[in-house]
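Q: Dropping the sequence and predicted coords here.
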Amino acid sequence: MLLGVGEPGPNGTMLARFSERIIINDEDNVALSAELRSNNTTKEAVLVITSSGPVEIATAGDSAPGGGTFSGFGPWPSLGPGGMVAFIAGVDGGPGPLGLFAGQSPDLRRVAMVGEHLADGKVLPGFALNPVTSAGPNGGMTFATMAEPGTGQNGIYYFGPPSAAD
């Protein structure tokens, strides 16, 4: 067993609950969303479990790259090689309400935020219902968008290095 509810989590917390979906990469690291409890306070977090144990990547209340604070997380994160983790997160007090973030803790970056212009010039209208991202082996990520009915096009976007054919 890697980690169980009621066991010590990272930074002196206790694992109170975890997501039903988890991801494992080729390096045998595991990522998941979880709730951590400390002093009768429970906070949502994104964790990566390595051979050294669980590591907090982002926790509700932490500063979000690009402004604001994390307020919640999508259903599950994604893992790429070299410890890169990607996830969708809600942001309070930032430039937008929901964003895609990636990197390694503590070096996270904001990749895309609802309301920002994408590379094709379109504005990111919103992420798909149950928003998730997928991290690829070359550092690329995909995510799906959903427009308001009748106002735009739903789409799947890629962010990362150009393909070998480019």
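A: All right, it came through fine. Numbers count the residues shown, from 1 in each chain.
Q: use CA for all of it now, contacts and neighbours both
A: Will do.
Q: Poorly predicted segments of the chain, please.
A: Within the chain, the stretches with pLDDT under 70 are 148-152, 163-166.
Q: now the helices for it?
A: Counting by DSSP state H, the chain forms no helices at all.
Q: Geometric centre of it: which residue is closest?
A: With distances taken as C-alpha atoms, centre = their mean, Phe87 lies nearest the centre of the chain, 1.3 Å away.
Q: Wait, that one touches Phe127, no?
A: No. Contact criterion C-alpha atoms under 8 Å: Phe87 and Phe127 do not qualify, at 11.8 Å.
Q: circling back to that earlier point, and the residue nearest to the residue nearest to the centre of the chain when sequence neighbours are not counted, what are its phi and psi?
A: Closest residue in space to Phe87, ignoring its immediate chain neighbours: Pro77 at 4.5 Å, by C-alpha to C-alpha, 6 or more residues apart in numbering. Per-residue torsions, Pro77: phi -80, psi 180 (degrees, to the nearest 10).
Q: could we number from 846 for the rest of this?
A: Got it, the first residue is 846 from now on, which makes the last one we talked about Pro922.
Q: and Pro922, how far is that from Pro1007?
A: 23 Å (C-alpha to C-alpha, to the nearest Å).
Q: can you check Gly925 too?
A: 17 Å.
Q: quick one, which of these two is more surrounded?
A: Legend: neighbour count by other C-alpha atoms under 10 Å for Gly925 and Pro1007, higher for Gly925 (24 against 10).
Q: Please tell me how far that one sits from Asp952.
A: Using C-alpha to C-alpha, Gly925 is found at 15 Å from Asp952.
Q: what sits against the closest residue to Gly944 other than its chain neighbours?
A: Nearest residue to Gly944, sequence neighbours excluded (C-alpha to C-alpha, 6+ apart): Met958, at 4.1 Å. Shown in contact with Met958 (C-alpha atoms under 8 Å, 6 or more residues apart in numbering): Pro940, Gly941, Pro942, Leu943, Gly944, Leu945, Leu969.
Q: And the closest residue to Val891 other than its chain neighbours, how close does it get to Ile933?
A: Nearest residue to Val891, sequence neighbours excluded (C-alpha to C-alpha, 6+ apart): Ser878, at 4.6 Å. Shown here: Ser878 relative to Ile933, a distance of 11 Å by C-alpha to C-alpha.
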